[in-house]
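Student: curious how this folds, go ahead:
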Amino acid sequence: MVDYTPGPQNGITDVSGLRVGHAQNAELKSGVTVLVADKPFVCGVHVMGGAPGTRETDLLAPDKSVHAVDALVLSGGSAFGLDAASGVMDRLAQQGRGFAVGPARVPIVPAAILFDLINGGEKNWDVNPYRALGVEALDAATERPAIGTVGSGMGAIAGHIKGGFGMASLHLPDGVIVAAMVAVNSLGSVLSSGRHFWAAPFEQENEFGGLGTAPPPSLADTFRTKAELFKRALGQGQNTTIAAVATNAILDKAGCTRLATAAHDGFARAIVPAHTPMDGDLIFGVSTAERSCTDTSLLGHAAAICLARAIARGVYAATPAANDIAPCWSALGA
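Tutor: This next block holds a predicted model:
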(Lines give C-alpha, C1' and ligand atoms only; values in the text may rest on other atoms or scores of the structure.)
Protein backbone atom coordinates (compact mmCIF):
# COMPACT_ATOMS: atom_id res chain seq x y z
CA MET A 1 0.00 0.00 0.00
CA VAL A 2 1.28 3.46 -0.91
CA ASP A 3 1.65 5.74 2.06
CA TYR A 4 -0.46 8.87 2.53
CA THR A 5 -3.13 8.10 -0.06
CA PRO A 6 -6.93 8.18 0.23
CA GLY A 7 -8.74 4.97 1.08
CA PRO A 8 -11.07 3.17 -1.34
CA GLN A 9 -14.10 5.30 -0.37
CA ASN A 10 -12.07 8.44 0.35
CA GLY A 11 -14.28 8.83 3.38
CA ILE A 12 -14.91 8.05 7.01
CA THR A 13 -16.18 4.57 6.18
CA ASP A 14 -12.61 3.62 5.20
CA VAL A 15 -12.24 3.20 8.96
CA SER A 16 -13.42 -0.40 9.21
CA GLY A 17 -16.73 -0.89 10.98
CA LEU A 18 -18.07 2.65 10.51
CA ARG A 19 -21.15 3.33 8.41
CA VAL A 20 -22.88 6.57 7.42
CA GLY A 21 -26.57 7.09 6.74
CA HIS A 22 -28.30 10.09 5.20
CA ALA A 23 -31.90 11.22 5.17
CA GLN A 24 -33.15 14.44 3.63
CA ASN A 25 -36.26 16.22 2.48
CA ALA A 26 -36.05 18.32 -0.69
CA GLU A 27 -38.97 20.60 0.23
CA LEU A 28 -37.60 21.09 3.73
CA LYS A 29 -34.10 21.71 2.28
CA SER A 30 -32.62 20.00 5.29
CA GLY A 31 -31.56 16.60 6.49
CA VAL A 32 -29.71 14.35 8.90
CA THR A 33 -26.52 12.30 8.82
CA VAL A 34 -25.78 9.44 11.24
CA LEU A 35 -22.43 7.79 11.96
CA VAL A 36 -22.83 4.31 13.43
CA ALA A 37 -20.97 1.03 13.88
CA ASP A 38 -21.88 -2.49 14.87
CA LYS A 39 -20.46 -1.90 18.34
CA PRO A 40 -19.92 1.21 20.50
CA PHE A 41 -16.91 3.38 19.68
CA VAL A 42 -14.77 5.78 21.69
CA CYS A 43 -15.56 9.45 21.18
CA GLY A 44 -14.41 12.92 22.20
CA VAL A 45 -15.42 16.40 21.08
CA HIS A 46 -14.02 19.90 20.75
CA VAL A 47 -15.99 23.10 20.07
CA MET A 48 -14.35 26.28 18.74
CA GLY A 49 -17.30 28.18 17.30
CA GLY A 50 -19.22 30.74 19.31
CA ALA A 51 -22.75 29.42 18.66
CA PRO A 52 -22.89 25.63 19.02
CA GLY A 53 -26.00 23.51 19.28
CA THR A 54 -25.38 20.13 20.89
CA ARG A 55 -26.79 17.14 22.74
CA GLU A 56 -24.94 14.68 25.03
CA THR A 57 -21.54 16.29 24.46
CA ASP A 58 -20.69 16.90 28.13
CA LEU A 59 -20.41 13.15 28.73
CA LEU A 60 -17.65 12.96 26.11
CA ALA A 61 -15.20 14.73 28.42
CA PRO A 62 -12.35 12.40 29.44
CA ASP A 63 -13.37 12.49 33.12
CA LYS A 64 -16.98 11.42 32.51
CA SER A 65 -18.11 7.85 33.11
CA VAL A 66 -19.46 6.81 29.70
CA HIS A 67 -16.55 5.42 27.70
CA ALA A 68 -18.18 4.78 24.32
CA VAL A 69 -21.13 5.91 22.21
CA ASP A 70 -23.52 4.05 19.93
CA ALA A 71 -23.91 6.66 17.17
CA LEU A 72 -23.31 10.29 16.29
CA VAL A 73 -25.78 12.65 14.63
CA LEU A 74 -25.09 15.68 12.45
CA SER A 75 -28.31 17.50 11.61
CA GLY A 76 -29.76 20.56 10.00
CA GLY A 77 -32.69 22.34 11.56
CA SER A 78 -30.97 24.37 14.28
CA ALA A 79 -32.21 23.29 17.72
CA PHE A 80 -35.15 21.44 16.14
CA GLY A 81 -32.58 19.11 14.57
CA LEU A 82 -31.43 17.84 17.94
CA ASP A 83 -34.59 15.73 17.97
CA ALA A 84 -33.02 13.57 15.24
CA ALA A 85 -30.96 11.96 18.00
CA SER A 86 -34.20 10.90 19.73
CA GLY A 87 -35.22 8.98 16.64
CA VAL A 88 -31.80 7.35 16.44
CA MET A 89 -32.03 6.42 20.14
CA ASP A 90 -35.44 4.85 19.61
CA ARG A 91 -34.23 2.71 16.72
CA LEU A 92 -31.04 1.64 18.53
CA ALA A 93 -33.08 0.71 21.61
CA GLN A 94 -35.26 -1.47 19.41
CA GLN A 95 -32.04 -3.18 18.30
CA GLY A 96 -30.99 -3.82 21.91
CA ARG A 97 -28.18 -1.28 21.79
CA GLY A 98 -27.18 1.04 24.63
CA PHE A 99 -25.31 1.66 27.85
CA ALA A 100 -26.33 -0.94 30.43
CA VAL A 101 -27.83 0.41 33.64
CA GLY A 102 -29.06 -2.63 35.49
CA PRO A 103 -31.70 -4.26 33.29
CA ALA A 104 -32.14 -1.06 31.24
CA ARG A 105 -30.17 0.00 28.19
CA VAL A 106 -29.73 3.62 27.15
CA PRO A 107 -28.32 4.29 23.67
CA ILE A 108 -25.70 7.05 23.80
CA VAL A 109 -26.14 9.36 20.81
CA PRO A 110 -24.34 12.72 20.91
CA ALA A 111 -25.51 15.21 18.30
CA ALA A 112 -24.64 18.58 16.79
CA ILE A 113 -26.73 20.84 14.58
CA LEU A 114 -26.27 23.56 11.99
CA PHE A 115 -28.56 26.46 11.11
CA ASP A 116 -30.42 26.04 7.81
CA LEU A 117 -33.87 27.41 8.72
CA ILE A 118 -33.77 30.31 6.24
CA ASN A 119 -32.41 28.73 3.07
CA GLY A 120 -35.42 28.68 0.76
CA GLY A 121 -36.96 25.48 2.13
CA GLU A 122 -40.41 24.94 3.60
CA LYS A 123 -40.13 25.07 7.39
CA ASN A 124 -43.77 25.52 8.46
CA TRP A 125 -44.16 22.02 9.87
CA ASP A 126 -46.79 20.97 12.38
CA VAL A 127 -44.68 18.09 13.73
CA ASN A 128 -40.92 18.31 14.09
CA PRO A 129 -39.64 16.24 11.14
CA TYR A 130 -36.17 15.54 12.47
CA ARG A 131 -36.98 12.58 14.72
CA ALA A 132 -38.30 10.66 11.70
CA LEU A 133 -35.33 11.78 9.60
CA GLY A 134 -33.02 10.44 12.29
CA VAL A 135 -34.63 7.00 12.10
CA GLU A 136 -34.48 7.07 8.31
CA ALA A 137 -30.81 8.07 8.31
CA LEU A 138 -29.85 5.28 10.73
CA ASP A 139 -31.73 2.71 8.68
CA ALA A 140 -29.90 3.92 5.55
CA ALA A 141 -26.40 3.55 7.03
CA THR A 142 -23.95 2.19 4.48
CA GLU A 143 -20.24 1.88 3.77
CA ARG A 144 -20.75 3.86 0.53
CA PRO A 145 -22.50 7.11 1.49
CA ALA A 146 -22.97 9.93 -0.99
CA ILE A 147 -21.43 13.38 -0.66
CA GLY A 148 -22.71 16.81 -1.74
CA THR A 149 -26.33 17.89 -1.35
CA VAL A 150 -27.36 15.07 0.97
CA GLY A 151 -28.10 14.46 4.64
CA SER A 152 -26.94 17.17 7.00
CA GLY A 153 -25.49 19.05 4.03
CA MET A 154 -28.81 19.17 2.17
CA GLY A 155 -29.55 22.82 2.91
CA ALA A 156 -26.10 24.07 3.84
CA ILE A 157 -24.58 27.32 2.60
CA ALA A 158 -20.84 27.98 2.60
CA GLY A 159 -20.26 31.71 2.44
CA HIS A 160 -21.79 32.89 -0.83
CA ILE A 161 -22.29 29.43 -2.42
CA LYS A 162 -24.03 26.17 -1.55
CA GLY A 163 -22.39 24.04 1.08
CA GLY A 164 -22.74 20.30 1.39
CA PHE A 165 -21.63 17.07 3.01
CA GLY A 166 -18.06 15.96 2.36
CA MET A 167 -15.66 13.18 3.31
CA ALA A 168 -11.96 12.33 2.90
CA SER A 169 -9.46 9.79 4.21
CA LEU A 170 -5.73 9.01 4.40
CA HIS A 171 -3.67 5.88 4.97
CA LEU A 172 -0.64 6.40 7.22
CA PRO A 173 2.62 4.45 6.88
CA ASP A 174 1.90 2.08 9.79
CA GLY A 175 -1.49 1.02 8.42
CA VAL A 176 -3.51 3.43 10.54
CA ILE A 177 -6.39 5.14 8.74
CA VAL A 178 -7.59 8.67 9.50
CA ALA A 179 -10.75 10.06 7.92
CA ALA A 180 -13.30 12.85 8.17
CA MET A 181 -16.90 13.71 7.40
CA VAL A 182 -18.33 17.23 7.53
CA ALA A 183 -21.47 19.28 6.90
CA VAL A 184 -20.22 22.62 5.55
CA ASN A 185 -22.47 25.55 6.49
CA SER A 186 -19.96 28.30 7.16
CA LEU A 187 -20.09 32.07 7.48
CA GLY A 188 -16.63 32.19 5.92
CA SER A 189 -15.74 31.39 2.34
CA VAL A 190 -14.19 28.12 1.17
CA LEU A 191 -12.83 29.89 -1.92
CA SER A 192 -9.67 32.00 -1.96
CA SER A 193 -10.60 33.58 -5.29
CA GLY A 194 -12.76 32.65 -8.25
CA ARG A 195 -13.33 28.88 -8.10
CA HIS A 196 -10.10 28.10 -6.22
CA PHE A 197 -10.44 26.39 -2.85
CA TRP A 198 -8.46 27.45 0.21
CA ALA A 199 -7.88 23.71 0.73
CA ALA A 200 -6.16 23.33 -2.66
CA PRO A 201 -2.64 22.65 -1.25
CA PHE A 202 -3.97 19.45 0.35
CA GLU A 203 -5.97 18.10 -2.61
CA GLN A 204 -5.48 14.46 -3.58
CA GLU A 205 -6.09 13.06 -7.06
CA ASN A 206 -8.07 16.08 -8.31
CA GLU A 207 -10.82 15.27 -5.82
CA PHE A 208 -12.31 18.77 -5.95
CA GLY A 209 -11.52 19.93 -9.44
CA GLY A 210 -7.73 20.03 -9.56
CA LEU A 211 -7.60 23.78 -10.14
CA GLY A 212 -4.70 24.27 -7.75
CA THR A 213 -4.04 27.38 -5.71
CA ALA A 214 -4.64 30.98 -6.70
CA PRO A 215 -2.81 34.11 -5.57
CA PRO A 216 -4.17 34.79 -2.09
CA PRO A 217 -6.32 37.86 -1.53
CA SER A 218 -4.96 40.76 0.46
CA LEU A 219 -5.57 40.81 4.18
CA ALA A 220 -8.04 43.64 3.66
CA ASP A 221 -9.96 41.52 1.16
CA THR A 222 -10.40 38.72 3.69
CA PHE A 223 -12.37 41.18 5.81
CA ARG A 224 -14.58 42.01 2.85
CA THR A 225 -15.34 38.51 1.64
CA LYS A 226 -18.33 37.75 -0.52
CA ALA A 227 -19.46 35.49 2.30
CA GLU A 228 -19.72 38.36 4.74
CA LEU A 229 -21.53 40.58 2.23
CA PHE A 230 -23.93 37.76 1.34
CA LYS A 231 -24.86 37.06 4.92
CA ARG A 232 -25.36 40.76 5.68
CA ALA A 233 -27.66 41.06 2.68
CA LEU A 234 -29.77 38.19 3.98
CA GLY A 235 -29.77 39.51 7.53
CA GLN A 236 -28.36 36.18 8.71
CA GLY A 237 -26.06 35.49 11.61
CA GLN A 238 -26.44 31.75 12.04
CA ASN A 239 -24.18 29.20 10.39
CA THR A 240 -22.01 26.33 11.76
CA THR A 241 -19.81 23.66 10.25
CA ILE A 242 -20.02 20.33 12.08
CA ALA A 243 -17.77 17.33 11.57
CA ALA A 244 -16.37 14.05 12.82
CA VAL A 245 -12.84 12.73 12.38
CA ALA A 246 -12.16 9.04 12.92
CA THR A 247 -9.31 6.58 13.11
CA ASN A 248 -8.78 2.88 13.66
CA ALA A 249 -5.86 3.74 15.97
CA ILE A 250 -6.28 2.80 19.63
CA LEU A 251 -7.26 5.99 21.47
CA ASP A 252 -9.05 6.67 24.74
CA LYS A 253 -11.46 9.55 25.26
CA ALA A 254 -8.60 11.96 25.95
CA GLY A 255 -6.91 10.87 22.73
CA CYS A 256 -10.13 11.33 20.76
CA THR A 257 -10.55 14.79 22.25
CA ARG A 258 -7.00 15.66 21.20
CA LEU A 259 -7.73 14.30 17.70
CA ALA A 260 -10.80 16.53 17.42
CA THR A 261 -8.89 19.54 18.75
CA ALA A 262 -6.07 19.17 16.22
CA ALA A 263 -8.57 18.63 13.41
CA HIS A 264 -9.85 22.19 13.84
CA ASP A 265 -6.75 23.23 11.90
CA GLY A 266 -8.59 21.77 8.92
CA PHE A 267 -11.40 24.27 9.38
CA ALA A 268 -8.92 27.14 9.42
CA ARG A 269 -7.14 25.85 6.29
CA ALA A 270 -10.35 25.45 4.30
CA ILE A 271 -12.66 28.25 5.53
CA VAL A 272 -11.84 31.96 5.92
CA PRO A 273 -12.81 33.13 8.44
CA ALA A 274 -13.46 30.11 10.64
CA HIS A 275 -14.54 29.75 14.29
CA THR A 276 -16.46 33.02 14.32
CA PRO A 277 -18.90 34.06 17.06
CA MET A 278 -21.73 33.24 14.63
CA ASP A 279 -20.51 29.71 13.79
CA GLY A 280 -20.96 26.75 16.11
CA ASP A 281 -17.94 24.93 14.68
CA LEU A 282 -17.65 21.52 16.34
CA ILE A 283 -15.71 18.32 15.68
CA PHE A 284 -16.24 14.87 17.16
CA GLY A 285 -13.19 12.62 17.44
CA VAL A 286 -13.80 8.89 17.00
CA SER A 287 -11.69 5.77 17.52
CA THR A 288 -12.65 2.20 16.66
CA ALA A 289 -9.57 1.14 18.68
CA GLU A 290 -8.40 -1.62 16.36
CA ARG A 291 -4.73 -0.86 15.64
CA SER A 292 -1.69 0.39 17.52
CA CYS A 293 -0.25 3.65 16.21
CA THR A 294 3.54 3.98 16.07
CA ASP A 295 3.46 7.79 15.86
CA THR A 296 0.43 9.45 17.45
CA SER A 297 1.79 12.88 16.51
CA LEU A 298 0.72 12.15 12.92
CA LEU A 299 -2.92 11.55 13.79
CA GLY A 300 -4.00 15.12 14.43
CA HIS A 301 -2.08 16.40 11.41
CA ALA A 302 -3.72 13.78 9.19
CA ALA A 303 -7.15 14.57 10.64
CA ALA A 304 -6.74 18.27 9.84
CA ILE A 305 -5.69 17.49 6.27
CA CYS A 306 -8.62 15.12 5.79
CA LEU A 307 -11.07 17.64 7.18
CA ALA A 308 -9.81 20.45 4.91
CA ARG A 309 -10.20 18.16 1.91
CA ALA A 310 -13.63 16.96 3.05
CA ILE A 311 -14.84 20.56 3.31
CA ALA A 312 -13.82 21.30 -0.26
CA ARG A 313 -15.23 18.00 -1.54
CA GLY A 314 -18.61 18.65 0.06
CA VAL A 315 -18.93 22.05 -1.60
CA TYR A 316 -17.52 20.82 -4.91
CA ALA A 317 -20.13 18.02 -5.05
CA ALA A 318 -23.14 20.24 -4.25
CA THR A 319 -25.96 20.17 -6.79
CA PRO A 320 -28.65 22.77 -7.60
CA ALA A 321 -32.26 22.49 -6.48
CA ALA A 322 -35.47 24.50 -6.67
CA ASN A 323 -35.63 27.66 -4.53
CA ASP A 324 -31.89 27.73 -3.83
CA ILE A 325 -30.73 31.08 -2.48
CA ALA A 326 -27.06 30.44 -3.32
CA PRO A 327 -25.37 29.05 -6.44
CA CYS A 328 -23.40 25.82 -6.55
CA TRP A 329 -19.63 25.85 -7.04
CA SER A 330 -20.20 24.22 -10.43
CA ALA A 331 -22.21 27.25 -11.58
CA LEU A 332 -19.49 29.79 -10.83
CA GLY A 333 -17.57 31.44 -13.64
CA ALA A 334 -13.90 30.67 -14.19
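Student: could you use CA atoms for every contact and neighbour count after this?
Tutor: OK.
Student: in the stretch 1-150 of the chain, which spans are helices?
Tutor: All helices of the stretch 1-150 of the chain, identified by DSSP state H, counting those that start in this stretch, fall at 84-94, 130-139.
Student: redo these as a markdown table? Include mean pLDDT.
Tutor: Listed next are these as a markdown table, based on pLDDT from 0 to 100:
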| stretch | mean pLDDT |
| --- | --- |
| helix 84-94 | 97 |
| helix 130-139 | 98 |
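Student: which of those helices sits most buried?
Tutor: Most buried of these, by mean neighbour count (mean count of other Cα atoms under 10 Å): helix 130-139, with a mean of 24.
Student: which strands and helices sit next to that one?
Tutor: Contacts defined by 3 or more Cα pairs under 8 Å, 6 or more residues apart in numbering; DSSP states H and E place helix 130-139 against strand 18-25, strand 30-47, helix 84-94.
Student: after that helix comes which helix or strand?
Tutor: strand 157-158 (DSSP states H and E).
Student: R91 and V135 touch, don't they?
Tutor: Yes - contact status for R91 versus V135: in contact at 6.3 Å, counting by Cα atoms under 8 Å.
Student: quick one on the thing from earlier: distance to G159 for the helices and strands packed on helix 130-139 - can I get that in a markdown table?
Tutor: Output for the helices and strands packed on helix 130-139, formatted as a markdown table (distance: least, Cα to Cα, whole Å):
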| stretch | distance to G159 |
| --- | --- |
| strand 18-25 | 22 |
| strand 30-47 | 17 |
| helix 84-94 | 26 |
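Student: of all those, which one is nearest G120?
Tutor: Among the helices and strands packed on helix 130-139, the nearest to G120 by Cα to Cα is strand 30-47 (10.2 Å).
Student: strand partners (parallel or antiparallel) of that closest one?
Tutor: Strand 30-47 sits in its sheet next to strand 18-25 (antiparallel), strand 69-75 (antiparallel), strand 282-291 (antiparallel), going by DSSP bridges.
Student: give me whichever of the ones you listed is most buried.
Tutor: Burial of those is given as mean neighbour count (mean count of other Cα under 10 Å); strand 69-75 ranks first at a mean of 29.
Student: neighbouring contacts of that strand?
Tutor: Outside strand 69-75, the residues within contact range by Cα atoms under 8 Å, 6 or more residues apart in numbering are 31-37, 39-43, 81-82, 84-85, 88, 97-98, 107-114, 134, 151-152, 183, 242-243.
Student: I'd like the helices of the stretch 1-150 of the chain laid out as TSV, including distance to N323.
Tutor: Shown next, in TSV, are the helices of the stretch 1-150 of the chain (distance: least, Cα to Cα, whole Å):
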stretch	distance to N323
helix 84-94	24
helix 130-139	21
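Student: for A254, which of these is the nearest?
Tutor: Comparing the helices of the stretch 1-150 of the chain by Cα to Cα, helix 84-94 comes nearest, at 23.7 Å.
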